[in-house]
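Trainee: the following comprises the amino acid sequence and a computationally predicted model.
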Amino acid sequence: MNVQLVALPGIPEIRGGDDLAEIIGNALAARSTPLDAPCDGDIVVIAQKIVSKAEGRTVRPAEIEPSEQALELAQVTGKDPREIQAILGESSAVLRAEPGVLIVETIHGFVCANAGIDRSNVPDGDSLLLLPADPDASARDLRQKLTARFSVGVGVIVTDSFGRAWRTGQSDVAIGCAGIRPLLDLRGETDVQGRELSATIDAVADELAGAANLARQKSSREPVVLVRGRGDLVVENEGEGAASILRDRSRDLFR
């Protein structure tokens, strides 16, 4: 299997209200890379930050009034209570608070540090960038517009960098997707020795997110990566979305 990943040049600084699908479409149409124009089965992997920027998902800490809970957590973590209040506003539960660390479950169901909120790559240094309100809906909208523009069936993945339990460092994962199978269920198939697989489900959307991160340079404005060679994962409908990757609480042994 030959899989190609190419970061798209020409993506400008994204601001609130920008037509992200048009900007990405223009980069796809004009790119000077080894790949031709978009074709059926391509997957467009998009960093969360430009999706959030286009959707105006920014807040200013100076305009936030911290709650009593935020003030208490600030004493534990050493973080700015206004930033903590922004995190609480995007969270359904606080799971761990330690000096310098605040792990939460977001309103989307993600377990991550600071509800995915940060200041990096935000032109206005006084603003915080939030995750998209509904990353799967963002992916569906982008897929529909790109599919209509190029008259081909493509998949879309929206990614963000998450830490991992028991592992040092971060890796990109899918927080939103459309037009692809986020999970590849191999249960019932056989391995090379003919033994039946009983538990293997590959998180292919996360694997593509991580692979795309290797193809881009975060310091060079390459937030969009085109993946070719995994058309077997692209579906005609919108697909189940990245929400289907979240482990059901009844099967969550780690909290």
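Mentor: Nice, I can see it.
Trainee: contacts for the helix or strand bottoming out on mean pLDDT in the chain?
Mentor: Least confident helix or strand of the chain, by mean pLDDT, DSSP states H and E, is strand 184-185 with a mean of 76. Strand 184-185 is touched from outside by 201-202, 204, 233, with contacts defined as C-beta atoms under 8 Å, 6 or more residues apart in numbering. In this view, the C-beta of every residue, glycine as well, is placed from N, C-alpha and C.
Trainee: just send the residues you listed back as TSV, with secondary structure and neighbour count too.
Mentor: What follows is these, written out as TSV (DSSP: H, G, I helix; E, B strand; the rest coil; neighbours: other C-beta atoms under 10 Å):
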residue	secondary structure	neighbour count
I201	strand	12
D202	strand	14
V204	helix	21
L233	helix	22
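Trainee: taking those residues, tell me the two that lie furthest apart.
Mentor: Greatest spacing in the contacts of strand 184-185, by C-beta to C-beta: I201 and L233 (13.5 Å).
Trainee: pull out the buried positions in stretch 202-209.
Mentor: By neighbour count on 16 or more other C-beta atoms under 10 Å, the buried set for stretch 202-209 is 203-209.
Trainee: again with stretch 98-108
Mentor: Buried residues in stretch 98-108, counting neighbours by 16+ other C-beta under 10 Å, are found at 102-106, 108.
Trainee: same check on stretch 232-252?
Mentor: For stretch 232-252, by 16+ other C-beta under 10 Å, it's 233-234, 238-243, 245.
Trainee: these in helices, which ones?
Mentor: Within these, no residue falls in helices by DSSP state H.
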